[in-house]
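Engineer: Fold the following and give me the result.
(one chain, ligands or ions: 2)
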Amino acid sequence: MSFNYKKITIKVGSNVLTKTDGTLNVARMAHLVDQIAQLYKQGVEVILVSSGAVAAGRSEIKLNKKLDTVSSRQLYSAVGQVKMINQWADFFTQHGINCAQVLTTKDNFGERNHYLNMKNCFTTLLENGVVPIVNENDTISVSELMFTDNDELSGLIASMQNSDALLILSNIDGIYDGNPALSESKVITEIGQKDRDWMENISTQKSGFGRGGMLTKSSIARKTAKEGIAVHIANGLRDNVLTDILRKESQVIHTWFKPGKRKASNVKKWIAYSDSFAKGELVINQGACDALFSPKATSLLPIGVTKVKGQFKKGDIVKIMDEKGHLIGWGKSQYAAEKVHAKSDSAKQKPVVHYDYLYLSED
Ligand SMILES: Nc1ncnc2c1ncn2[C@@H]1O[C@H](COP(=O)(O)OP(=O)(O)O)[C@@H](O)[C@H]1O
Ligand SMILES: N[C@@H](CCC(=O)OP(=O)(O)O)C(=O)O
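Structural biologist: Numbers count the residues shown, from 1 in each chain. Ligands and ions are numbered 1, 2, ... in the order given. This next block holds a predicted model:
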C-alpha cells in the first residue's frame, strides 16, 4: 500500500540521529534530508520534529564536576541543538531548501492565544516554502513544564497544523506484539480505531537516548489517529523509509494507525492535547457521564459536578473524571474553581464546560 499525503509531520527520535557513541549520525541525517527534499519537490509540506540535542551535546562536553539532571540537560541541549540545527541546515541548503528552527515549550500551547500564535508561525513558514525544524526548548523547560517527550510535541503539531499524517521514526520497525527482543515477536502492521489488544505488549523499556519510549508513542498515535490523522511508526534507520511509505507500492514493515473520521473542530483538537496543561479537575456524577456520552451534543452543567479539585480560573483547561476515578475528558471551564461549587444546585445555569470546548476521551 502507498500513501499519498500532501502535508506531513515527521518526528525523528534521538537514536536515529545519533550513533551509539552519542555523536550525530550525519550520514543518516543527510539521507533523511534527501528523502524529505524529494517529497518537498513533489509538493508535500513537511514539518520536522527533531530530537537529539541532548544526546549530541553530551558527546561534545566533558564535565569537570558532576551536574544535577536539570543542569546537565540544559548544558547538553544548549550545545547539542546548535550542532544539530547547523547540520540540518547544511543538508537542506544543498537541496536549495530553506529550513527554520522552532524551539518551543509546553507553555506555548497552554493558553489558546499562545497556541494560535504557534499555529500562525508554522503556517507562515510553510506558506513561504520553509521546512520548520522543531524541538522542545530543553534549556528553559524544566520538570513539570516539560513535554513527556517529542512524541507528545509532534502529536500536538500534527493536530494543530491539520497534517494528513504523522510519521514517527524510531530505531525499531514499529510496535511489536511481544517483547521486541524475542524472535517470535512480530511487528503489528495495522491498528484500527477499535483495536485494543496490542496495548498489552508495550513495555516501559526505552532505547539508549530515548525519553518516553513506546508507551508515549502509542498513546499519542492513538489520540492523533482518532482525530483523523494517519500515524506511522517506522524505523528511521531503514533506507528510503519515508519515500517508500509515501510514494511506493512497496511493503515497508511498520505500524500504521488507521485514521478515524476527521471530526474535531480546531478548538476541540487543542483541548484534546491539553492533559498536561489542565489546572484542575471536575468530578461528575453518573447522570452527567451518561449525558456527555449520549449521541446528542451536550454541555456539562454545574449540577452534574460533585467535586471540584485544584485552583483554576475561568477559561482554564480542566480534567473531567467520573466518581470511580476514570478519565472522561477535558474541557475549558467557564467558571473559576470556587464558582462551580457555589452554584452547583441549579440546572438552569450556564454550563461549566460548553460542548464546543469539551473533548471526551472515550477510552
Ligand atoms: N512492544 C514494543 N514494540 C516496540 N518497541 C517497544 C515495545 N515496548 C517497548 N519498546 C521500546 O521502545 C523503544 C522506542 O522508544 P524510544 O526509546 O523513546 O525511542 P525514540 O528515541 O525513537 O523516541 C524501542 O527501542 C523499544 O526498546
Ligand atoms: N528535546 C530532546 C528530545 C527528547 C525526546 O523526546 O527524545 P526521544 O524520545 O528520542 O524522541 C532532545 O533534543 O534531546
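
Engineer: From residue 160, how far out is residue 153?
Structural biologist: Separation of residue 153 from residue 160 (Cβ to Cβ, to the nearest Å) stands at 10 Å. Any C-beta I mention is one placed from the backbone N, CA and C, and that applies to glycine too.

Engineer: my bad, residue 323
Structural biologist: For residue 323, the distance to residue 160 - Cβ to Cβ - is 33 Å.

Engineer: who's more crowded, these two?
Structural biologist: The residue with more neighbours, out of residue 323 and residue 160, is residue 160; 21 against 13, by other Cβ atoms under 10 Å.

Engineer: That one against residue 267, yeah?
Structural biologist: No: using Cβ atoms under 8 Å, residue 160 is not in contact with residue 267, being 11.4 Å away.

Engineer: what kind of secondary structure is residue 315 in?
Structural biologist: coil (DSSP: H, G, I helix; E, B strand; the rest coil).

Engineer: nearest residue to it other than its sequence neighbours?
Structural biologist: Spatial nearest neighbour of residue 315, excluding adjacent residues (Cβ to Cβ, 6 or more residues apart in numbering): residue 332 at 6.3 Å.

Engineer: what sits opposite that neighbour in the beta ladder?
Structural biologist: residue 317 (DSSP bridges).

Engineer: what's the burial count for it?
Structural biologist: By other Cβ under 10 Å, 21 other residues sit near residue 332.

Engineer: going forward, begin numbering at 269 instead of 1
Structural biologist: I'll keep to 269 as the first residue from here, and by that count the last item is residue 600.

Engineer: Provide a list of residues in contact with it.
Structural biologist: The contact partners of residue 600, taken as Cβ atoms under 8 Å, 6 or more residues apart in numbering, are 539, 583, 584, 585, 586, 621, 622, 625.

Engineer: So the second one versus residue 501, what's the distance?
Structural biologist: According to Cβ to Cβ, residue 583 and residue 501 sit 35 Å apart.

Engineer: cool, and the first one?
Structural biologist: Remark: distance between residue 539 and residue 501 (Cβ to Cβ) = 25 Å.

Engineer: do the fifth one as well
Structural biologist: Per Cβ to Cβ, residue 586 is found 31 Å from residue 501.

Engineer: For ligand 2, what is the nearest residue in the stretch 519-631 of the chain?
Structural biologist: Nearest residue of the stretch 519-631 of the chain to ligand 2 (Cβ to the nearest ligand atom) works out as residue 544 at 13.9 Å.

Engineer: What is the neighbour count of the spatially closest residue to that residue that is not a sequence neighbour?
Structural biologist: The shortest distance from residue 544 to any non-neighbouring residue, by Cβ to Cβ, 6+ apart, is to residue 374 (6.2 Å). As a burial measure, residue 374 scores 19 neighbours (other Cβ under 10 Å).

Engineer: residues contacting residue 374?
Structural biologist: Per Cβ under 8 Å, 6+ apart, neighbours of residue 374: 404, 409, 413, 414, 415, 544, 545.

Engineer: same check, this time on residue 400
Structural biologist: 315, 316, 367, 368, 370, 389, 390, 393, 394.

Engineer: do whichever strand or helix holds it and ligand 2 meet?
Structural biologist: Secondary structure assignment for residue 400, by DSSP states H and E: strand 399-404. Yes: against ligand 2, strand 399-404 shows contacts by Cβ under 6 Å from any ligand atom at 403, 404.

Engineer: partners of that strand in the sheet?
Structural biologist: Short version: by DSSP bridges, strand 399-404 pairs with strand 313-318 (parallel), strand 367-372 (parallel).

Engineer: more neighbours, residue 583 and residue 501?
Structural biologist: Using other Cβ under 10 Å, the more surrounded residue of residue 583 and residue 501 is residue 501, with 27 against 14.

Engineer: Return stretch 331-338 as PDB; C-alpha atoms alone will do.
Structural biologist: The C-alpha trace of stretch 331-338 is given here as PDB (Å, rounded to 0.1, in the frame of the first residue of the first chain):
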ATOM      1  CA  LEU A 331      32.200  17.600  32.600                       C
ATOM      2  CA  ASN A 332      34.700  18.600  35.200                       C
ATOM      3  CA  LYS A 333      32.200  18.200  38.000                       C
ATOM      4  CA  LYS A 334      29.000  16.200  38.400                       C
ATOM      5  CA  LEU A 335      25.800  18.200  37.500                       C
ATOM      6  CA  ASP A 336      22.200  17.600  38.500                       C
ATOM      7  CA  THR A 337      19.800  16.300  35.900                       C
ATOM      8  CA  VAL A 338      18.300  19.700  35.100                       C
END
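
Engineer: ok, the nearest residue to residue 513 once chain neighbours are set aside - how many residues close by?
Structural biologist: Closest residue to residue 513 apart from its sequence neighbours, by Cβ to Cβ, 6+ apart: residue 520 at 5.2 Å. Number of residues near residue 520 (other Cβ under 10 Å) recorded here: 22.

Engineer: got the angle between the lengthiest helix in the chain and strand 367-372?
Structural biologist: Among all segments of the chain classified by DSSP state H, the helix with the greatest residue count is helix 337-362. On the basis of axes from the mean of the first three to the mean of the last three Cα atoms, to 10 degrees, helix 337-362 is oriented at 160 degrees to strand 367-372.

Engineer: buried ones in helix 337-362?
Structural biologist: 340-349, 351-353, 355-357, 359-360 (16 or more other Cβ atoms under 10 Å).
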